[in-house]
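Asks: Provided below are the primary sequence and the corresponding predicted coordinates.
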Amino acid sequence: MNARILLLAALLIAPVSGCEKISDLFGGKPDIAFAPYGDDYASKPDFAQVEYEHPIPLKKLVKITPKYLAGLNQEELDQLYARLGSGPMPDGPFDGEIVFPRGSSGKLRAAEIIGGLKGLGVNFKGKMLETAGEALWKGKVFYRNEKVLRNRIEDLAVLRPVIGPGEIGKIDVDGKDAWLLFPAKLYCGQSLIDSRRESIIIDYAFTDEIHGYREKPDFLAGRRGLKVRDEIRMVRPGLYLGRAYMDHAFILNFVLYSKDIDKAGRAEFETGQIKDDCWSGTQKRVLAQR
Amino acid sequence: MKTSTWLGFFSIASLAVLAWFTHQPDAAFATVPPTPVLVQSATSPATDALPDAASPYSDAGFHEGEAGLSPSARAGREIWFKATAGNARFHTYTFQQRITALIDWFGVLRSDARDTRFKTWGLINDPGCCKPGSDGCPAKSYAETYGFDWCPGDQELLKFVGKPGYRDPACDFEDASVNANDPEGHQKGREDSCNLAFGTSTGALGFRKFPNPRFDPAAWKQVNGNLGTWEGYNRKLSNDPARADAKVRKLADASIEPPFLIGTACASCHVAFNPAKPPLDPEHPKWENLSGLVGNQYIRVSEVLISGMPHDDLLWQIFSHARPGTSDTSAIPNDQVNNAGTINALINTAQRPVFANEKVNRWRKAAACPTGAKESTCWCEPGKPGKCWEKSLKTETVHHILKGGGDSIGALGAIQRVYFNIGSCSEQCWVNHLTDLRQLDPQARNFGQTPFDIGQCRRDCPNFRAIEDRLPNLLDFFLTAPEGQAKDLVEARANQKQTPYVQTDLVRDLESNFGKDAVSRGQQVFVANCARCHSSGKPPFETVDFRAIDSKSGLRADWLGNDVPTPVTEVGTYRCRSLHSNHLRGHVWEQFADEDYHARKTVSGILEPHDGGRGYYRNVSLVNLWAHAPFLHNNAVGPELCGWGGDKTNAYELYRSSYVDTSQPGNPPLAKDRQPACWKYDPSVDGRFKLYVASMQDLLNPSKRIPKATKVDEDIVLDIGPRIFDGQEEKRLVGFTVRVPAGATAGNVGNFRHKDFIVDLVRAKLKPAELEVRLATVLPAAEAQKLAAEMQAIGKAIVSDPNRLVDVVKEARARTPALWQVYASCSAEIENDGHRFGEDLSDADKNALIAFLATL
């Protein structure tokens, strides 16, 4: 039983990029500038300067795709994330895609640390883990009015013994249904990577207070489990870039996409009418002016 | 073992090790003092019926302190007392969520504990505020004030709890005239005073509150039962010690929005009792009893800032031991040099020594920028024609501020940096530059510090500009306000006796205590033994009148300290503070140190890293020494102080004995029956004088000092790994437990550079030759080889039994002492060591010196 729970835990935090369905929806590559950086932490540019010197025009944000995001290394993702605002708190179901941290070589960062042939092995294993995770985690569902979120987990018989008997909430998205597990609270809060403006926080710490909580397996994400805390910022309506932490230690990036919301919000976005729900800071953003 | 298994292990082990330096963010409870019963009103806040005019409680007393001040000094005083410069976000959200320490603001500021606030926290009550329901208080129930004191301005502020649109009182701030010598653009373009962000008092001076527009009264009632308390918000989740929730408080739920955001002004740490006119009741001072510049010798600011943490949490155990009146100013911009320093008395500043011909690279006011200048060297504020700043290297005369003189780009720059220390512009300018203690990848952001950029902060943070444009007001307040003048013992006794009492009376009384001619003999002893460091005059000191008045400032001419940096090896005091590294190149406050600081000669004879300007202490001022005991930079020489008498069964008592037995291995805590009792706070004239005498005796008789080293006083237990609850019992699925036992030296834990250690553990496994080469850069070759082998052994031992992590490191340190040299920022233990000057004097001369110094 424990092994299965741990498997689920691993899947909770470690599903990886794949989701070609999403990626295939888009083509082209936005020409987004990044500030120069080196490998060492001290060589990473200050986010305030990155944003000041390399603001991202709306027309480039419109071109960003999940596939593009999945191809960025971690420093590029960090620089991109820092130039985003919270946007509105999402509502409804989103498809999910997860992006493990990659170093400047393009390999998973863990593989880079090990290096050599062993590093190649770790890179390979990491990608297998990505594939396994992709099979289970389908995305998230936001309940904006309730300030609650639930994760969409593939309905698989193999996980039933872990989850135990009883009714599990379900959702049908595009004809495919999934369990709704791992509820979390939604609020505006501090980003753990960029303090200059708030992010939308998906916090599992008090998951047991949310209606529909079931100890197995939901505890895994909560304060007695892996202490998961996600944060997201909006690329544009319907497309959010997220970061997942365990006990405040960064684990991975993820992408959330809703085709319907993207389509519905496009016009407003392109005319600069979409506002952040959360504190947007005091550094002047020149996003809409260029 | 496979490499990937090693990596996996270390990713978990790292959680344990880094947890030595951090906390478990969701695990938070404090030993909550017994809860007084709150008188509740059944009604919602009815704040319309709270007119200032009908109340004896108002800001009038504060404004009476402006008498005689220049407009500029008056403005500076108000800023000093009230301006938070926007740090309420930091103290309500950023500190908790990003820095991951919880503050129980209600526990600290609850109105029903106003009468014991000083004893518990060392905070100074605002005379203009009152407990709801007390006589004459405009608020009749705690529900009206959400459990806080009612304070002037609340009749307006309370209307906006849960609503947008609050107009900050700082918007109506009465600015002083601008400097006519400034470029016109600076004169006309002063930043909007709203960005000073005053809010209203919380009831404790310097702590300010702001209405939270996100507050939801319905949600608050659901959590707390009613609007007048935060008892549901700061409650423990479980009383069952077997449950992980026994260490969790609801405060950790960041989805809950409290009614107030809490900010701090400079006065929060610097305001305290006027030594010459102390209050009869310290819990209920009047404005005439207060000084904004004397420095709070009683505040337990470290405990305030982590008041929401459990007492067996790592953060509580490591940081909450600062003695009353001291603060570890590098605890938040953490440099893993665990130390605390006194809150300085900012008195007689006009006579403080300055240092000429120092090379200062800083921003200066300009009317325009040269054509083609880069913004990194010259910048004009958009929409403010002619308001420009240019950065350049020039030779200037500057003060040396901070214990080691790190702030050295000028007094204005040093004052501005204080606002960052209290949280201003944290989000825009400096939190992104801090070390994240959990970040273990050397390539990732926040693995280490990066420099704060003054130019960027000016551009992006309006609160920075609001302060910067008024820095001369603050300096004028320091230089000219009566609050910043010395308060001599003779004046204090005259006030106390309510009869004429002059210098000859004081000398007579001192000599009756310390011997015939003690004062004059004491001066001779001072000249021969102390004045070379503790005088701002010039030798020969035999001719110096240490009590002479400067004709220009009207202040005592001698600052009684030369402010010159002295190698810590010469002073011999606890060296950790001198190894403070935040002003080094590449570190967060790099731009606040001048070139001379960065180029200081390296002090020889220090074990740990000490280059780049570190390794020195300034020679401090002895002005009004009678009123500022205990002594040394950490208040460690002299009796230990406490609020409630040291009774540890009293949950309000935060005193922790630091007396240790150095005759035993590991310097364990001294047996309780051998520990001297702590002294209760006594800010009266007699109380200060007795403390002064006892502290001087301790200072001059170092061989009689009982050594002090702050110890962990409860086991720190870190359970690593998920736990499942079946409704009856919690079971851990995987993981291990790390236990730091009570009795460990808190400083050693806080100073352990876990990141370097973990990176090298991985290196020892994957690239042992590379590790040996690295270690050989800081150790002799043979020791480097030995330590490299030790690191491999440590790695294997931890992997085989992670529960023994602490013991493994302790055993390795015993075998290979170089381990601590490489991985500790500071390994000093005894906090009241050193400064043995004068120990060879005769008892009569020591008494004479005590008598003489009491007159200064």
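Replies: Thanks, I have it.
Asks: and residue 236, how many neighbours does it have?
Replies: Since you didn't name a chain, this refers to chain A. Using other Cβ atoms under 10 Å in any protein chain shown, the number of residues around A:Arg236 comes to 21. Yep, even glycine has a C-beta here, placed from its N, CA and C like the rest.
Asks: that's the wrong chain, I meant chain B
Replies: The tally of other residues near B:Lys236 (other Cβ under 10 Å) stands at 20.
Asks: you'd agree it is up against B:Arg249?
Replies: Yes: B:Lys236 sits in contact with B:Arg249 when judged by Cβ atoms under 8 Å, with a separation of 5.7 Å.
Asks: how close does the closest residue to B:Asp469 other than its chain neighbours sit to B:Asn619?
Replies: Nearest residue to B:Asp469 in three dimensions, chain neighbours excluded: B:Arg190, at 4.5 Å (Cβ to Cβ, 6 or more residues apart in numbering or on different chains). As for B:Arg190, its distance to B:Asn619 is 38 Å (criterion: Cβ to Cβ, to the nearest Å).
Asks: equivalent analysis for B:Ala528, please.
Replies: 17 Å.
Asks: who's more crowded, the two?
Replies: Between B:Ala528 and B:Asn619, counted using other Cβ under 10 Å, B:Asn619 has the larger neighbour count: 20 against 13.
Asks: my guess is the more buried one contacts B:Ser535. True?
Replies: No: the criterion here is Cβ under 8 Å, and B:Asn619 misses it with B:Ser535 at 9.2 Å.
Asks: wait, what's in contact with B:Asp698?
Replies: By Cβ atoms under 8 Å, 6 or more residues apart in numbering or on different chains, the contact set of B:Asp698 is B:Pro630, B:Phe631, B:Val637, B:Gly638, B:Pro639, B:Lys704, B:Arg705, B:Asn832.
Asks: residues contacting the fourth one?
Replies: Spelled out, it's B:Gly638. The contact partners of B:Gly638, taken as Cβ under 8 Å, 6+ apart, are B:Ala629, B:Pro630, B:Phe631, B:Leu691, B:Ala694, B:Ser695, B:Asp698, B:Leu699.
Asks: tell me which element the fifth one is part of?
Replies: The one in question is B:Ala694. Per DSSP states H and E, B:Ala694 falls inside helix B:685-700.
Asks: may I see the buried residues of that helix?
Replies: Going by neighbour count (16 or more other Cβ atoms under 10 Å in any protein chain shown), the buried part of helix B:685-700 is B:685, B:688-689, B:691-700.
Asks: centre of the chain to the helix or strand following that helix, how far?
Replies: Under the assignment DSSP H and E, the closest C-terminal helix or strand after helix B:685-700 is strand B:716-720. Distance of strand B:716-720 from its chain centroid, counting by Cα atoms, centre = their mean, to the nearest Å, is 27 Å.
Asks: any stretches of the stretch 101-250 of chain A with poor pLDDT?
Replies: Residues of the stretch 101-250 of chain A meeting the criterion pLDDT under 70: A:110-135, A:158.
Asks: hey, where'd the strands end up in it?
Replies: Per DSSP state E, counting those that start in this stretch, the stretch 101-250 of chain A carries strands over the ranges A:137-143, A:148-154, A:170-173, A:176-189, A:199-203, A:228-236, A:239-246, A:249-257.
Asks: and the shortest one, how far from the chain's centre?
Replies: This means strand A:170-173. Taking Cα atoms, centre = their mean, one finds the center of strand A:170-173 at 20 Å from the center of the full chain.
Asks: domain ranges for chain B, per the record?
Replies: When chain B is parsed with automatic domain parsing, its domains come out as B:3-18+B:721-744+B:754-823, B:47-299, B:349-484, B:510-709+B:834-853.
Asks: tabulate those (TSV), appending mean pLDDT.
Replies: Listed next are those as TSV, based on pLDDT from 0 to 100:
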stretch	mean pLDDT
domain B:3-18+B:721-744+B:754-823	83
domain B:47-299	95
domain B:349-484	96
domain B:510-709+B:834-853	96
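Asks: for A:Glu270, find the nearest of those domains.
Replies: Taking Cβ to Cβ, domain B:349-484 is the member of the domains of chain B nearest to A:Glu270, at 25.9 Å.
Asks: next one: the closest one to chain centre, how far?
Replies: What separates the centre of domain B:349-484 from the centre of its chain is 19 Å, taken as Cα atoms, centre = their mean.
Asks: gap between the two ends of it?
Replies: This stretch, domain B:349-484, spans 7 Å end to end (Cα to Cα, to the nearest Å).
Asks: so which bits of the stretch 601-750 of chain B are right by chain A?
Replies: When proximity is defined as Cβ under 8 Å from any Cβ of the partner chain, the stretch 601-750 of chain B approaches chain A at B:Pro722, B:Arg723, B:Ile724, B:Phe725, B:Asp726, B:Gly727, B:Glu730, B:Leu733, B:Val734.
Asks: which residues does the first one contact?
Replies: Going back to what we said before, that points to B:Pro722. Shown in contact with B:Pro722 (Cβ under 8 Å, 6+ apart): A:Ala9, A:Phe219, A:Leu220, A:Arg224, A:Gly225, A:Leu226, B:Arg732, B:Leu733, B:Val734, B:Gly735.
Asks: just to revisit the earlier point, need the domains of chain B in TSV (columns: distance to A:Tyr52).
Replies: Formatted as TSV, the domains of chain B follow (distance: least, Cβ to Cβ, whole Å):
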stretch	distance to A:Tyr52
domain B:3-18+B:721-744+B:754-823	30
domain B:47-299	19
domain B:349-484	8
domain B:510-709+B:834-853	18
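Asks: nearest to A:Pro183, out of the ones you listed?
Replies: The nearest among the domains of chain B, by Cβ to Cβ, is domain B:47-299 at 12.4 Å.
Asks: okay, and the residue of the stretch 251-400 of chain B found nearest chain A sits in which element?
Replies: Distances between the stretch 251-400 of chain B and chain A by Cβ to the nearest Cβ are smallest at B:Ser255, namely 4.3 Å. If you go by DSSP H and E, B:Ser255 is not part of any helix or strand.
Asks: count of neighbours near it?
Replies: As a burial measure, B:Ser255 scores 18 neighbours (other Cβ under 10 Å).
Asks: thanks again, I'm all set now.
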